[in-house]
Every structure is written in structure tokens, then in C-alpha cells.
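1. next come a sequence and a model predicted from it.
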Amino acid sequence: QTYHRDENGIDERKTATIDNGQMAALDHDGVDDHVVATKILTPLSDFDREFYSVRINTWKRNPQLIAAVDHIATCDGVARVQVVWCDADEQPPPDILHHPSDKVVVEYHTINNLNERFRILDPSPTLGILSIDDDILRPCEALDAGFFKWTTAPDRMIAFDSRLHVENPGGNWQYGYLSTTRAANKYSMGLTRCCFLHRDYLDWYTNDLSREIYNKVAEFFNCEDIAMTFMVSAYTDGQPPLLADCWAMQTM
């Protein structure tokens, strides 16, 4: 499905882009029907409505990582910064290991693929998770705005970037360019390079997502955005990801 955007980020009108047979074949986007029916998100505490944790995905870009961590650690709403470290050949830089903020924890992952960004090794102190890449720098005010929007709908994804899927000449779907998304004024997924998610969704992605989809993400080193977007949609009765306010989306 694709979703039309308005000036606040989302209009709930839906435009079907796959036929009924294809939809049936998706089987709730790779999540078992019984699992969808029985999963319940952990309710937010007062602390969860004030603070969030940040998971930074990084790969051999230490200067960018250090700049991102230095900036994000200054945001008042950030309770913890979890660095997802998948480089078995190198150690994180000392500036990260001994960060003066005391907010930074390094997760050492033995597998290098994009599914690992959602595999929580260090227990997060909050239910709100900002999933972000090491090359993304947004003002604290923009991140906080996205977070407080998420607290009003913690069952949804709040994305700062949207994309539209398009059909290529071979008849297969692929990511559309940002210009394509803007020109169409609609989108079909949020990107996980900067988005807020409930912590439970990360656990459910790791443990309950179809292994066929999970393994394809690992094989292609891509498409975790598609997998997470449609998994969350499956758990919320087909509702779309929400977008951060336009001014916040435009801060990068």
C-alpha cells in the first residue's frame, strides 16, 4: 500500500498497489497470524514518556560515529546511546569507549548484517528507541519532536524519511528515489536510518519475523526498512508508519 502525505506528515487515505492474491501471499507481511493476534506492547511508564534510547548503526566510519555520538549525547531526552558494533576486526575508538557523557554503551555483535541493528544485546532503559545511522545529524529539537509524537502513538513507527516503492523494467519492486516520493506526494515505507520504534518491535523482529524475510535482509545487506515497516503495519491492522512533522524532517 502507499500512503498520501499532508503538511503534517500523513493522511490516512490508502491507495492499493498490490492485488488481493499478492496480499494473501504476503501472509501479514511475514508475521504469523496467531502471533499478530496475541502480541501486546508493553505500556509506557512516566519515564518512557520523557526519555528515549538511541541505537546507532555504524560500520567503519569512526569520525562520523564520534560526531554523531557527541551530538546525540547532548540531547536532554536521551537516556542511553547504544552503539551497534559489528566489526569483529577492529575495536571501537577510545572516544566512544570512554565517552564523557556516561550515556554510551557499545554492543559487540558477532554477526555483520543489517538485522543486527534491531537485535538488542544491552537491555534498553526505555521503551522508546531511536534507530539511527552514524551519518545522520539532526537537531535535538527535531529528535525530541519526533519522540513526543511517538509517545502519542507508541504502537506506530515515527519516521523522519519516507520512500515509495516503484516497479523497475524487470517487473520487480525497488526503492524509489526521494525525488520520486516527493513528486508523487505519497509513500509506502519509513526508513529505519532515523525513526522511533517501540522496543518490543525490535525483539519481535528478531524473534518472530519470517525467517525467509530475515535471511533475505542478511543476504542482500538491504531492505531492513521494508521488513520493519511492514512488520509494524501487520501488528497494527495495516496502519501506515507515521512521519515526523515536516519541519523536523527537513532539518537535514
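-> Structure received.

2. what is the neighbour count of residue 130?
-> Neighbourhood size, residue 130 [other CB atoms under 10 Å]: 28. Every residue, glycine included, has its C-beta placed from N, CA and C.

3. residues contacting it?
-> 52, 53, 54, 55, 78, 143, 146, 147, 194, 195, 196 (CB atoms under 8 Å, 6 or more residues apart in numbering).

4. what's the mean pLDDT across the helix or strand where it lies?
-> For residue 130, the host element (DSSP states H and E) is strand 128-133. Computed over strand 128-133, the mean pLDDT rounds to 98.

5. from the contact counts, what lies against whatever helix or strand comes next after it?
-> Tracing the chain C-terminally past strand 128-133 and defining elements by DSSP H and E, one meets helix 140-152 next. Where contact means 3 or more CB pairs under 8 Å, 6 or more residues apart in numbering; DSSP states H and E, helix 140-152 is packed against helix 62-72, strand 128-133, strand 158-159, strand 194-198, helix 246-249.

6. and the residue nearest the centre of this protein?
-> The centre of the chain sits closest to residue 192, judged by CA atoms, centre = their mean, with a distance of 3.0 Å.

7. residue 249: neighbour count?
-> With other CB under 10 Å as criterion, residue 249 counts 20.

8. over to residue 171?
-> Here the count is done by other CB under 10 Å, and residue 171 has 6 residues near it.

9. how close does it sit to residue 212?
-> Separation of residue 171 from residue 212 (CB to CB, to the nearest Å): 20 Å.

10. tell me the most buried of the helices and strands packed on helix 140-152?
-> Mean neighbours per residue, mean count of other CB atoms under 10 Å, is largest over the helices and strands packed on helix 140-152 for strand 158-159, with a mean of 30.

11. ok, then the element right after that one?
-> strand 162-163.

12. so what are the sheet partners of the following helix or strand past that next one and their directions?
-> Scanning forward in sequence from strand 162-163 by DSSP H and E, the next helix or strand is strand 165-167. Sheet pairing for strand 165-167, assigned by DSSP bridges, gives strand 173-175 (antiparallel).

13. other residues contacting the strand it pairs with?
-> So strand 173-175 is contacted by 163, 165, 166, 167, 168 (CB under 8 Å, 6+ apart).

14. quick one, phi/psi of the last one?
-> The reference is to residue 168. Main-chain torsions, residue 168, degrees, to the nearest 10: phi -90, psi 170.

15. got the contact list for it?
-> By CB under 8 Å, 6+ apart, the neighbours of residue 168 are residue 174.

16. 10 Å - rerun?
-> 174, 176 (CB atoms under 10 Å, 6 or more residues apart in numbering).

17. distance check, it against residue 161.
-> For residue 168 relative to residue 161 (CB to CB), the value is 21 Å.

18. helix/strand/coil for residue 200?
-> helix (DSSP: H, G, I helix; E, B strand; the rest coil).

19. what's the helix or strand for the closest residue to it other than its chain neighbours?
-> In this structure, residue 200 finds its nearest non-sequential neighbour in residue 41, 5.1 Å apart by CB to CB, 6 or more residues apart in numbering. Using DSSP H and E, residue 41 sits in no helix or strand.

20. wait, residue 41 sits on residue 128?
-> No - judged on CB atoms under 10 Å, residue 41 makes no contact with residue 128 at a distance of 11.5 Å.

21. overlap of the contact sets of these two?
-> In contact with both residue 41 and residue 128: 154, 198, 199, using CB under 10 Å, 6+ apart.

22. what's the pLDDT at the second one?
-> In the prediction, the pLDDT value recorded for residue 198 is 98.
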